[in-house]
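Provided below are the primary sequence and the corresponding predicted coordinates.
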Amino acid sequence: MLRRLAFLLLALALAAPAVAGGRVEFRSFRPPSLGGAEKDCRVYFPASYDSPESRQRRYPVIVFLHGWPGSEGNWPGQGHALETLDQMGASGDIPEVIALFPDGGGTGILGRSVWVNAAGGRSNIEDYVAHDLVAWADSTLRTRPGARWRGAIGLSDGATAAMNFVLRHPDVFGACGAHSGDFRLRKDVSSGHVFGDEPGATRLRAEYSPLEYLPRVAATAKESVLYFDCGADDESISDNRELDRLMTRYGVPHVFREFSGNHNWGYWRNHLHDSLRAVTAGMR
């Protein structure tokens, strides 16, 4: 009986269609916005990228932004992003994309940066991503340049950043997927060095708080693809609900979804499919 079961399982495995896998390269470069300090970035190339018939083909780009504490390896590791990109690209659920996983370490405790330009020019992480990383990718990889073909997906601090990049740089990023973000930045010890001393710290936090500045950018935000979600038991749920109401009030098209779950990798893995579908919907 056990032998027959083993043969059956083997037959099913051999009969199942294989998912063509992409590949990952570890790259580093010296972004001018950070004074030439070396930064690492993992690059995912879809399965077709190296095929002879695709030599002239160009691909949309998704930038994956990690949370805090975290690194460029989180989305590929705990987030299973590579497997998800392979599966969804192979099935046609999303178009094949190039994915960038940059290091967002900054000057705060345990490398926190919130993906912003820190006070006093100490670490211009926003400029690094919005300008240097994008320019490097467009000059080095077979990307499709332009905001329509470029999106950002993030979790936690990376979700806040994904929303900020699209709202603050609509000429660079045309779509965002934000999981469990905070959209009103509050004073805390871990980011104190990032935002500096008062009175400048409060002003700088407001500049990177979508709940504070959305009314000023509502007109341009209407042209972007805005997707965000959050777990009902997540500590960030109130900010997400408030942003949903604010966008509705100002007539900004968006999708907000509230799921069961909390602030953890199980939640983010489960809902990466949702953000990828939303962010790539206009990239075919």
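Perfect, I can see it now. Residues are numbered from 1 along each chain as shown.

what's the nearest residue to residue 204 once chain neighbours are set aside sitting at in phi/psi?
Nearest in space to residue 204, with sequence neighbours left out and distances taken as Cβ to Cβ, 6 or more residues apart in numbering, is residue 195 at 4.9 Å. Using the backbone N, CA and C atoms, a C-beta is placed for each residue, glycine as well. The phi/psi pair for residue 195 (degrees, to the nearest 10) reads phi -90, psi -10.

How about the contacts made by residue 195?
Contact analysis of residue 195 by Cβ atoms under 8 Å, 6 or more residues apart in numbering lists 116, 118, 119, 185, 187, 201, 204, 205.

can you tell me how far it sits from residue 106?
Noted for residue 195: a distance of 11 Å to residue 106, by Cβ to Cβ, to the nearest Å.

Now for these two: what residues contact both?
Residues touching both residue 195 and residue 106 (Cβ under 8 Å, 6+ apart) are residue 118.

Give me the pLDDT value at residue 200.
Per-residue confidence at residue 200 stands at 96 (pLDDT).

Out of the contacts of residue 195, name the ones that lie in strands.
Counting by DSSP state E, those place none of their members in strands.

Where does pLDDT dip in the protein?
Scanning the chain for pLDDT under 70 picks out 1-20.

All the strands of it, residue numbers only.
For the chain, strands defined by DSSP E occupy the ranges 23-29, 39-45, 61-65, 98-102, 150-155, 175-179, 225-231, 255-259.

Run a quick check on residue 255 versus residue 227, I expect a contact.
Yes - between residue 255 and residue 227 there is a contact at 4.7 Å, judged by Cβ atoms under 8 Å.

the more surrounded of these two?
The neighbour count for residue 255 versus residue 227, taken as other Cβ atoms under 10 Å, is higher for residue 227 (25 against 16).

buried ones in the longest helix anywhere in the chain?
Taking DSSP state H as the criterion, the chain has its longest helix at helix 265-280. Neighbour counts over helix 265-280 (16 or more other Cβ atoms under 10 Å) mark 267, 268, 269, 271, 272, 274, 275, 276, 278, 279, 280 as buried.
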